[in-house]
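Visitor: With the input below, show me the fold.
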Amino acid sequence: MAQAVPHGGFLYSLPQKLLAEFIGTFTVVLITLGSICADQYLRAASLTHLGILAEATAYGIATAVMMAALEQVSGAHLNPAITVGFWVTRRMGTPQAVLYCVVQLVGAIVAAYILAMLLPESIWRPVALGATDLATDFTRMQAMLLEGVGTFFVVFVFFACAQQPSESTSPYGAPYAGIGVGLTIAAVVLFLQPFTGASMNPARSFGPALVAHHWVNHGVYWVGPLFGGVIGAFVYDRVFGVERGP
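Guide: Here you go, the predicted structure:
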């Protein structure tokens, strides 16, 4: 059972936190991939389709909603790049960070498998279930740098908005953080999607890559986001973070 603590919050157990990360990542990945598959269906049927706006809106809104719902439980990282950022800035220990990353990846895998089961293969196969890949005239180095820049913005905004209990006593940080991070993701998708697929999240890329067996350039979506996430977390922590004791 969760125990009440001051400022309207609760102490949650590690299993509860891991379940929250699983549910949140599952939802974000399911809706993001689903929007890509839905757009593919509309395009194939020669109907009006939203294109890049579909993924930007779905990815951003899903992230904002899940952060608002789960930030007070687990912090609502929903992204290994954010969790690694917490780890390098000593906001999270190694065992918990590893477990967070594992359940985030599992959530993404389950979301991709369920989507592949629910949708006809003729719909999801042409877009590899929403797996990310590079534009034909982009190198892997260019793509890693772009993904790194995009993830830098996402992680920096996450750190700026999602105050930790030790840094803020306000119980109203979750919705504000969700809106900030969600809008950042939507904006970056509008920029990066035509070039790299706009992942900014290794779990978001890993799930569909595993289910659709689409591993082309997959390493880009680990190196770029993790590097950008570490830099974003480090910059915020060193420049704007609250002073911490030894």
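
Visitor: any idea how far the nearest residue to Phe138 once chain neighbours are set aside lies from Val102?
Guide: Computed as CB to CB, 6 or more residues apart in numbering, the closest residue to Phe138 that is not its neighbour in sequence is Phe195, at 5.8 Å. C-beta here means a position set from N, CA and C on the backbone, and glycine is covered the same way. With the distance defined as CB to CB, to the nearest Å, Phe195 ends up 30 Å from Val102.

Visitor: ok, now Glu121?
Guide: Plainly put, Glu121 is 28 Å away from Val102 if you go by CB to CB.

Visitor: same check, this time on Tyr59
Guide: On the measure of CB to CB, Tyr59 and Val102 end up 22 Å apart.

Visitor: Looking at those two, which one has more neighbours?
Guide: Tyr59 (28 against 15; other CB atoms under 10 Å).

Visitor: List the buried residues of the helix or strand hosting the more buried one.
Guide: Secondary structure from DSSP states H and E places Tyr59 in helix 52-74. Buried residues in helix 52-74, counted by 16 or more other CB atoms under 10 Å: 54-74.

Visitor: Then stretch 136-144?
Guide: Neighbour counts over stretch 136-144 (16+ other CB under 10 Å) mark Phe138, Gln142, Ala143, Met144 as buried.

Visitor: quick one: the strands in this structure?
Guide: Ranges of strands in the chain, per DSSP state E, are 3-4, 10-11.

Visitor: Tell me the helices and strands packed up against the helix holding Tyr59.
Guide: helix 14-44, helix 173-196 (3 or more CB pairs under 8 Å, 6 or more residues apart in numbering; DSSP states H and E).

Visitor: So for Ala116, which of the ones you listed sits nearest?
Guide: helix 14-44 (9.2 Å; CB to CB).
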